[in-house]
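K.L.:
give the three-dimensional model of this entry:
(4 chains)
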Protein chains: 2
Amino acid sequence: MSPSPTDRRVRRTRELLRSAFLSLILEKGYDRITVQDILDKADVGRSTFYAHYRDKEDLLHAGFEDIRAALAAEGHASESDAGGAGALLEPLIVVFTHVEAHRRFWEPMSRKGGTNIIGGMLRESVDDLVREHLRSRFPESAADSTQLEPAVQFVVGACMGLLVWWLDHEEVAFSAREIHAIFGRLATPGVERFLATA
Amino acid sequence: MSPSPTDRRVRRTRELLRSAFLSLILEKGYDRITVQDILDKADVGRSTFYAHYRDKEDLLHAGFEDIRAALAAEGHASESDAGGAGALLEPLIVVFTHVEAHRRFWEPMSRKGGTNIIGGMLRESVDDLVREHLRSRFPESAADSTQLEPAVQFVVGACMGLLVWWLDHEEVAFSAREIHAIFGRLATPGVERFLATA
DNA sequence: CCGATATCGAACAACGTGTTCGATTCTCTG
DNA sequence: CAGAGAATCGAACACGTTGTTCGATATCGG
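P.N.:
Next comes the predicted model:
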């Protein structure tokens, strides 16, 4: 993806920007961050920023690659562990544990107003995970995308719905395992029935 | 909500702004609209706009009240029709038919980048609908909000997921009734099991 | 050491926002 | 229908943000 640049200055600059951006997200949320904020905190010249990234969102995408890759990897691991044995949707536990571990980062996702970019990126990862998982579990149904896709969108939407609510209500204090169990109980029966009848 | 103003000028101005705004949404999507765009199309003075609305979003909310009310009303009607008899989640058909009827308006909701405000407003309506419906169907479970809420968020998320996908893929060509049926098949079993065991 | 390259930083143009205020026009009421 | 009150106009303004440019300077890799 990003073939580590040879020049030390480039590495330095990108690292400064990336970490400044991250801490700003934790501190005030993505929407309220201004390019100037990033410049100040990273102590990097304005023109330098635009020499590396097109804009704020570009920087976000670049920085998000790590998280995305990590999630996908965990997903695959959990996938092959379970083989085809475990409960349907069991592999999605990685999403919940991941979000639990990076709660501070993902919390802004649930903010009512403003852009949903951060949530959108998590959604993409979940989307990939779910689609691949369902495809491998129901090879016959998977051929017909008007059969598989609705199920995928249904599961992803439901999952994101629960995630956002979970993040937004710290007082609820479910563990990742608990909320995932609830998700499983709610989603599994319908999805199984829907896709089993190929 | 908005106690129809007595002064004709006020009514006129608000109507001009509202309809200009709506046609702009249809034409270029919420995000790309500028206050100046609205002013030009409505042929209204700048200061006049700010005399009525705090900003773009305020205008959106005001204009959205109609849709919101309509949806809630349809929901209630469909609710009492079914009594407690019909299939669980049957009343949600109104959401799908509504979106189908106003496809042009809701389509921007599925745009990847940018704000999700429009979708958020639809979500709020669906949220109300679902919560009230589930509450009336499962009075015992409803008492415990850690029981009811996850189910609500699950259903709303799943519904929105399907809606967005549906809007985004005109080529799929499901009717409102069909997509709602799919939704029902996917959601009903899990929700019923989850909430029945009070 | 040196040529190439990255960074700096100030200045700039463009755009969007929201406010102000005096002049003008319209409406409701008595 | 007159006139007090209220709404509208519109231009100007201050402000913040964005993305670009360019010459001077610092730093790198070979």
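
K.L.:
near DNA strand D, which residues of chain A are found?
P.N.:
Contact residues, chain A versus DNA strand D (Cβ under 7 Å from any atom of the strand): A:Thr6, A:Asp7, A:Arg8, A:Arg9, A:Thr34, A:Val35, A:Gln36, A:Arg46, A:Ser47, A:Tyr50, A:Asp55, A:Lys56. For the C-beta atoms, the positions are set from N, CA and C on the backbone; glycine is no exception.

K.L.:
from those residues, which land in helices?
P.N.:
Counting by DSSP state H, the residues of chain A next to DNA strand D place A:Arg8, A:Arg9, A:Val35, A:Gln36, A:Arg46, A:Ser47, A:Tyr50, A:Lys56 in helices.

K.L.:
so which of the residues you listed reach DNA strand C?
P.N.:
Contacts with DNA strand C within these, counted by Cβ under 7 Å from any atom of the strand: A:Arg9, A:Arg46, A:Ser47.

K.L.:
which one of the residues you listed is nearest to DNA strand D?
P.N.:
Of all those, DNA strand D sits closest to A:Ser47, with 3.2 Å by Cβ to the nearest atom of the strand.

K.L.:
distance of the residue nearest the centre of chain A relative to DNA strand C?
P.N.:
By Cα atoms, centre = their mean, the mean C-alpha position of chain A lies nearest to A:Leu122, the distance being 2.1 Å. Going from A:Leu122 to DNA strand C by Cβ to the nearest atom of the strand, to the nearest Å gives 28 Å.

K.L.:
can you pull the contacts of that residue?
P.N.:
A:Val99, A:Trp106, A:Met109, A:Met160, A:Leu163 (Cβ atoms under 8 Å, 6 or more residues apart in numbering or on different chains).

K.L.:
ok, now with 10 Å
P.N.:
Listed by Cβ atoms under 10 Å, 6 or more residues apart in numbering or on different chains, the contact set of A:Leu122 reads A:64, A:67-68, A:71, A:95, A:98-99, A:102, A:105-106, A:109, A:159-160, A:163-164.

K.L.:
coming back round to it: now the residues of chain A next to DNA strand D: which count as buried?
P.N.:
A:Lys56 (16 or more other Cβ atoms under 10 Å in any protein chain shown).

K.L.:
how about the residues of chain A next to DNA strand D in CSV, adding pLDDT and distance to chain B?
P.N.:
Rendered in CSV, the data for the residues of chain A next to DNA strand D read as follows (pLDDT from 0 to 100; distance: Cβ to the nearest Cβ, whole Å):
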residue, pLDDT, distance to chain B
A:Thr6, 84, 33
A:Asp7, 96, 31
A:Arg8, 97, 34
A:Arg9, 97, 31
A:Thr34, 98, 17
A:Val35, 98, 17
A:Gln36, 98, 21
A:Arg46, 98, 24
A:Ser47, 98, 25
A:Tyr50, 98, 19
A:Asp55, 97, 11
A:Lys56, 97, 12
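
K.L.:
next secondary structure after the lowest-mean-pLDDT helix or strand in chain A?
P.N.:
Among the helices and strands of chain A, helix A:56-82 carries the lowest confidence by mean pLDDT, DSSP states H and E, at a mean of 86. Moving toward the C-terminus from helix A:56-82, the next helix or strand (DSSP states H and E) is helix A:93-101.

K.L.:
what angle separates that following helix from helix A:56-82?
P.N.:
130 degrees (axes from the mean of the first three to the mean of the last three Cα atoms, to 10 degrees).

K.L.:
can you list contacts of helix A:93-101?
P.N.:
Residues outside helix A:93-101 that contact it (Cβ under 10 Å, 6+ apart) are A:67, A:70-79, A:82, A:86-87, A:105-107, A:109, A:122, A:125-126, A:129-130, A:159-160, A:162-164, A:166-167, A:174-181, A:183-184.

K.L.:
buried subset of those residues?
P.N.:
A:67, A:71, A:74-75, A:78-79, A:82, A:105-107, A:109, A:122, A:125-126, A:129-130, A:159-160, A:162-164, A:166-167, A:174, A:176, A:179-180, A:183-184.

K.L.:
can you list which of those residues are found in helices?
P.N.:
Those of the buried ones among the contacts of helix A:93-101 mapping onto helices are A:67, A:71, A:74-75, A:78-79, A:82, A:105-106, A:122, A:125-126, A:129-130, A:159-160, A:162-164, A:166-167, A:176, A:179-180, A:183-184, per DSSP H.

K.L.:
leaving out the residues flanking it, which one is nearest to A:Lys41?
P.N.:
A:Ala20 (4.0 Å; Cβ to Cβ, 6 or more residues apart in numbering or on different chains).

K.L.:
list the buried ones in the strand or helix carrying that neighbour?
P.N.:
Applying DSSP H and E as the criterion places A:Ala20 in helix A:8-28. In terms of neighbour count (16+ other Cβ under 10 Å), helix A:8-28 has its buried residues at A:Thr13, A:Arg14, A:Leu16, A:Leu17, A:Arg18, A:Ala20, A:Phe21, A:Leu24, A:Ile25.
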